[in-house]
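Participant: fold the following for me, if possible:
(one chain, ligands or ions: 2)
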Amino acid sequence: MTQELLSTQQSPVCRVCEVELHVEINWFPSLAAKGNRICKSCVRQQYKEWVRAHPDRMEVYRLARRGKYAYEKIARLEVIRLLGGKCSWPGCSCSDSRILQIDHVKGHGLLEIRKYGTHYYQHVLQSILHGQKNKYQLLCPNHNWLKRFENNEQPHQIIEAEQLPT
Ligand SMILES: [Zn+2]
Ligand SMILES: [Zn+2]
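Facilitator: Ligands and ions are numbered 1, 2, ... in the order given. Predicted coordinates:
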């Protein structure tokens with residue numbers, strides 16, 4: 001048993017093609033450090049298959065390559081574009097992307113903001129790309145506040161209620 005363990009530690013093999021793994025040569029050091037036994041060519045193969053299966057996700061990653069910190073900003077602008085680019089309040093024509101806010105049609109928006117944090121807009125973008133466009137709408141700040149008062153949405157209380165220990 002000990003002997004067996006020792007020998008697998010000495011020569012790890014790719015879990016897909018079972019080739020012997022050697023760091024730098026055919027095993028990415030980052031994967032080796034995590035103990036993820038997969039060779040470079042199998043990683044590339046899986047990546048290609050993943051890209052083929054997720055064209056919409058790739059679009060987001062393509063945008064993200066422009067810069068790590070631009071990621072959320074780009075996602076936000078993309079969300080605004082996909083949602084029509086203007087306040088959806090009847091008669092309002094505000095289309096200033098700097099101030100438009102993404103509103104959850106049925107409320108509870110702050111729960112998602114808290115859940116996804118710095119990935120919030122990326123999450124919204126993914127939802128929209130996966131057909132959940134109707135969940136969201138754009139509102140200018142004035143109409144966002146008006147809607148909250150009219151619908152009696154009290155997001156802070158909702159969050160506090162959900163976080164209470166049961
Ligand atoms: Zn392999
Ligand atoms: Zn408005």
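Participant: and Arg37, which of the three is it?
Facilitator: coil (DSSP: H, G, I helix; E, B strand; the rest coil).
Participant: I'd say Glu20 and Ser11 touch.
Facilitator: Yes. Glu20 is in contact with Ser11 according to CB atoms under 8 Å; the separation is 5.4 Å. In short, each C-beta sits where N, CA and C put it, glycine included.
Participant: who has more neighbours, these two?
Facilitator: Counting neighbours by other CB atoms under 10 Å for Glu20 and for Ser11 shows that Glu20 has the greater number, 12 against 9.
Participant: any weak-confidence spans in the chain?
Facilitator: For the chain, the stretches flagged by pLDDT under 70 are 1-10, 56-57, 59-70, 153-166.
Participant: quick one: the helices in it, in order.
Facilitator: For the chain, the helices defined by DSSP state H cover 2-10, 29-34, 40-53, 55-64, 70-82, 109-116, 120-129, 141-151, 155-163.
Participant: which residue packs closest to Ile80, ignoring adjacent ones?
Facilitator: Counting by CB to CB, 6 or more residues apart in numbering, Ile80 lies nearest to Ser97, which is 5.1 Å off, once chain neighbours are set aside.
Participant: residue numbers of this protein in contact with ligand 1?
Facilitator: Within the chain, the residues that sit near ligand 1 (CB under 5 Å from the ion) are Cys14, Val16, Cys17, Cys39, Cys42.
Participant: could you redo the last one with a cut-off of 8 Å?
Facilitator: Contact residues (CB under 8 Å from the ion) of the chain with ligand 1: 14-19, 26, 38-43.
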